[in-house]
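[1] make a model of this:
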Amino acid sequence: MKPVRDQKRKRRVFKGSVIRQIVPESGIFRLQPSPRSGAKLGGRYEILGLVDRGGTSEVYLARDSRGALTVIVKMLTDEAVKDPQHRERFIAGAKSVIPIIHPAIGRVYSVYEAPNTPPYLVMEALQGESLADYLNRETTMSASMTLTLAREAASGLVAAHSAGIIHRDIKPGNIYSAAFLARGGHQPSTRTNDSSMPAQTS
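    Here you go, the predicted model:
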């Protein structure tokens, strides 16, 4: 089974709800029981547990047996995969994001298609918490931290735009920072992220 990659540079747009991958107070993933727990996708990614479930996809925490890395696996649900449009958007969107490598963008490593398994993508497991969770807890943020966060997030958007991708859903829930866990004790290391994938525009 080989990862599907795409080198075409086309204008794409992505929008959607974010999957919160980190428990803010502890930095530990809150895993839910799943029939897929213990399964090894492609002989490589061992499913550790379910992180969250959306309308058309499920998000799992997994261990990459080749690099001993912890990753996120996002997989279409059994129902969604029956819809050719959902399947096509999922795969095309993931392929468009793979080439983007930037310190302020959550990395998508690869997307796979295999017999008897819904298509799935493998992405970076972000360390930190979302800006939304931070603000819900702290309610305010210092001016210096705000400026640093905005500057780092903007640099990621510039990189995405240069690759022909537009993020239409920039909001606190789609911005993560390792500094939030320290309750503002350190300078942010900001990452933009979105669990949904781009859809090609005309």
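
[2] quick one: buried residues of stretch 99-113?
    Ile100, His102, Ala104, Ile105, Gly106, Arg107, Val108, Tyr109, Ser110, Val111, Tyr112 (16 or more other Cβ atoms under 10 Å). The C-beta positions use only the backbone N, C-alpha and C, and glycine is treated the same way.

[3] which single one of those residues is nearest to Ala153?
    Minimum distance to Ala153 across those is 6.2 Å, recorded for Ala104 (Cβ to Cβ).

[4] which helix is the longest one in the chain?
    The longest helix of the chain (DSSP state H) is helix 143-162.

[5] quick one: mean pLDDT for the very next helix or strand once past that helix?
    Moving toward the C-terminus from helix 143-162, the next helix or strand (DSSP states H and E) is strand 165-167. Averaging pLDDT along strand 165-167 gives 80.

[6] quick check: Ala160 touching His167?
    Yes - contact criterion Cβ atoms under 8 Å: Ala160 and His167 qualify, at 5.9 Å.

[7] so of the buried residues of stretch 99-113, which ones are in strands?
    Taking DSSP state E, the ones among those that sit in strands are Val108, Tyr109, Ser110, Val111, Tyr112.

[8] make TSV from those residues and add distance to Val81 and pLDDT to it.
    Formatted as TSV, those follow (distance: Cβ to Cβ, whole Å; pLDDT from 0 to 100):
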residue	distance to Val81	pLDDT
Val108	19	90
Tyr109	21	92
Ser110	18	93
Val111	13	94
Tyr112	13	95
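
[9] closest one to Ala80 out of these, please.
    For these, the minimum distance to Ala80 (Cβ to Cβ) is 14.7 Å, reached by Val111.

[10] quick check: which element contains the closest residue to the closest one other than its chain neighbours?
    Spatial nearest neighbour of Val111, chain neighbours left out: Ala94 (3.8 Å); criterion: Cβ to Cβ, 6 or more residues apart in numbering. Following DSSP H and E, the helix or strand that holds Ala94 is helix 84-97.

[11] which residues of the chain score low on pLDDT?
    Where the chain drops to pLDDT under 70, the residues are 1-29, 168, 178-202.

[12] how about the strands in it?
    12-14, 40-41, 45-53, 57-64, 69-76, 108-114, 117-124, 129-130, 165-167, 175-177, 190-192, 198-200.
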